[in-house]
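Undergrad: Sequence below, structure please.
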Amino acid sequence: MLVGIFALAFAAGNTVKYYLDLWKADRAVKSFQSAIDAIYKNDTYGGKTPEETFDLYLAALKKGDLELASKYYLSEKQKKELETLTSQKNDNEINSFISKLESVKQIWSVGSTDDAMKFVYDYKEIVKTQQTINVLDPQTKEIIDTLKIAPGAYSHSIIFEKRNNIWKIYSL
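TA: As a prediction, this is how the structure comes out:
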């Protein structure tokens, strides 16, 4: 009988612990979600459409305001995007990037997505001759890798996400 009481108490204790852990996890998720919602509630950088966000991003780049341009990305990607933009060596690289984005907008087509909060534009890039790209360390600006791109047709996607009723860039 003592063993039965001990087993019953052990089972009851584990059941209480299980539900207490679930309650704590639920509170942690809600707290995390509230923090994320607060970030996006205060984030007003973006357009009513993906195209408007893209145009605002291009306009900020043209003005040379790299910090503003980075704000059109999702909040969690803004710091990395700012580092990427500021790692460009000179205005020629930024201007070349702007020209490429302007030409992309002329040829992109609507991609597919099953999520109403995401929008995708696809485009193809034709590389006619082999290209070499140096990958730089964002802090030291030293070359950390060299990529060789063979001639051919490459497919790319520009992805936008809707947060707090504004469209943000997920990836270019």
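
Undergrad: When you work out contacts or count neighbours from here on, use the C-alpha atoms and nothing else.
TA: Will do.

Undergrad: domain assignment for this protein?
TA: 1-42, 45-171 (automatic domain parsing).

Undergrad: looking at the ones you listed, which is buried most?
TA: Neighbour counts (mean count of other CA atoms under 10 Å) averaged over each of the domains of the chain peak at domain 45-171, with a mean of 15.

Undergrad: Over that domain, what's the mean pLDDT, rounded is fine.
TA: Domain 45-171 shows a mean pLDDT of 87.

Undergrad: what's the next secondary structure element after the longest helix along the chain?
TA: Determined from DSSP state H, the single longest helix within the chain is helix 2-41. With elements assigned by DSSP states H and E, the helix or strand that comes after helix 2-41 is helix 50-63.

Undergrad: For that following helix, name the packing helices and strands.
TA: Counting contacts by 3 or more CA pairs under 8 Å, 6 or more residues apart in numbering; DSSP states H and E, helix 50-63 packs against helix 66-70, helix 91-107, strand 166-171.

Undergrad: Run the angle between that helix and helix 91-107 for me.
TA: Compare the direction of helix 50-63 with that of helix 91-107 by axes from the mean of the first three to the mean of the last three CA atoms, to 10 degrees and you get 160 degrees.

Undergrad: With just CA atoms, put helix 50-63 into CSV.
TA: Output of helix 50-63 as CSV, limited to C-alpha atoms (Å, rounded to 0.1, in the frame of the first residue of the first chain):
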residue,chain,number,x,y,z
PRO,A,50,6.1,45.2,-52.1
GLU,A,51,6.8,47.4,-55.2
GLU,A,52,6.5,50.6,-53.0
THR,A,53,8.9,49.2,-50.5
PHE,A,54,11.3,48.3,-53.3
ASP,A,55,11.0,51.9,-54.7
LEU,A,56,11.6,53.4,-51.2
TYR,A,57,14.7,51.2,-50.8
LEU,A,58,16.1,52.3,-54.2
ALA,A,59,15.3,56.0,-53.4
ALA,A,60,17.3,55.7,-50.1
LEU,A,61,20.2,54.1,-51.9
LYS,A,62,20.2,56.8,-54.5
LYS,A,63,20.3,59.5,-51.8
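
Undergrad: Give me the contacts around it.
TA: By CA atoms under 8 Å, 6 or more residues apart in numbering, the surrounding residues in contact with helix 50-63 are 46-47, 66, 68-70, 72, 94-95, 98, 101-102, 119, 160, 167-169.

Undergrad: again, but for stretch 108-127
TA: 50, 104, 107, 150-163.

Undergrad: Determine the set of other helices and strands touching the longest helix of the chain.
TA: So helix 2-41, by 3+ CA pairs under 8 Å, 6+ apart, packs with no helix or strand.

Undergrad: Much appreciated, bye for now.
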